[in-house]
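1. Starting from these lines, generate the structure:
(one chain, ligands or ions: 1)
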Amino acid sequence: MVTATFRFYEELNDFLSAERRRQEFSVPCAEAATTKHMIEALGVPHTEVELILVNDESVGFDHRLREGDRVAVYPKFEALDVTPLLRVREQPLRTPRFVADAHLGALARLLRIAGFDTLYDNRYQDREIADIAGRDDRIVLTRDRELLKLRSITHGCYVHAVKPTQQFMEIIDRLDLARSARPFSLCLVCNAPLRSIEKAAVLERLPASVRDQQERFTRCDVCHRVFWEGSHWRRMQALLTESLHADTSAQVVSQ
Ligand SMILES: [Zn+2]
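-> So this is what the prediction gives:
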């Protein structure tokens, strides 16, 4: 056995037992244990980790620990304060795609309403989620830290919030997505593209109040549901505006 000292930063502390949060602590490690093994043995999924420093040098998940090593572990997008740098970009670098686990159906619908391609099925098994993530380059969304420990999952977000709206805001803020949202471009039921459709073509299917007040309509290619800029639309716009506003204040603070 060897003994190494660990310190976890920011929200990674949520995964630790209370007496280990926000401070250094020493733990015995098996001879030649890797950083990945020890970090996960302490309760932190490897997908949540952005940067590991051992004795002030950046190392990978396969680094083998030695007697007296001092290990600092930083979360995604918080490492060395990169968040303000990401947030000041005019355009995000890419638009991520997601696969949500079986407990996050409401979050999946909100992400689809915002235009983010999100696969979800409440019958998904862990192995299937990992396969989909690897095959399609999708980010796994889950509140199950055991799922994120699967070696085949390279990109995952542990969702801390419990309520769907807060979960949505957590993902939007963490991945800096507010500017890449395309509300009502995807069907919230099928995750399939929505296409503009003439009002005349859907007139007889509309409730009277919608017929009077709305002019722009889209329809899902798969389920043929028709959508318009109603209350869901307004709520989504409000959430995205709130996130952009939070971004602006973060920039001010970082300057
Ligand atoms: Zn549909």
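
2. quick one: the strand or helix carrying E50 to chain centroid distance?
-> Assigned by DSSP states H and E, E50 belongs to strand 49-54. Relative to the centre of its chain, strand 49-54 is centred 19 Å away, using Cα atoms, centre = their mean, to the nearest Å.

3. ok, residues contacting it?
-> Strand 49-54 is contacted from outside by 12, 35, 39, 58-61, 63, 65, 69-80, using Cβ atoms under 8 Å, 6 or more residues apart in numbering. For the C-beta atoms, the positions are set from N, CA and C on the backbone; glycine is no exception.

4. Take those and keep only those in strands.
-> Among those, DSSP state E puts 58-59, 70-75 in strands.

5. Any part of stretch 166-186 near the ion?
-> No - figure legend: stretch 166-186 not in contact with the ion (Cβ under 5 Å from the ion); closest approach 8.6 Å.

6. Going by neighbour count, which residues of that stretch are buried?
-> Applying a neighbour-count criterion of 16 or more other Cβ atoms under 10 Å, one finds 167-178, 180-181, 183-186 buried in stretch 166-186.

7. ok, now stretch 9-27?
-> Under the neighbour-count criterion of 16+ other Cβ under 10 Å, stretch 9-27 has 9-10, 12-13, 15-16, 20, 27 buried.

8. Then stretch 224-234?
-> By neighbour count with 16+ other Cβ under 10 Å, stretch 224-234 contains the buried residues 226-229, 232-233.

9. that older thread, wait, which of the ones in strands among the contacts of strand 49-54 is closest to R195?
-> Among these, P75 lies closest to R195 (Cβ to Cβ), at 39.2 Å.
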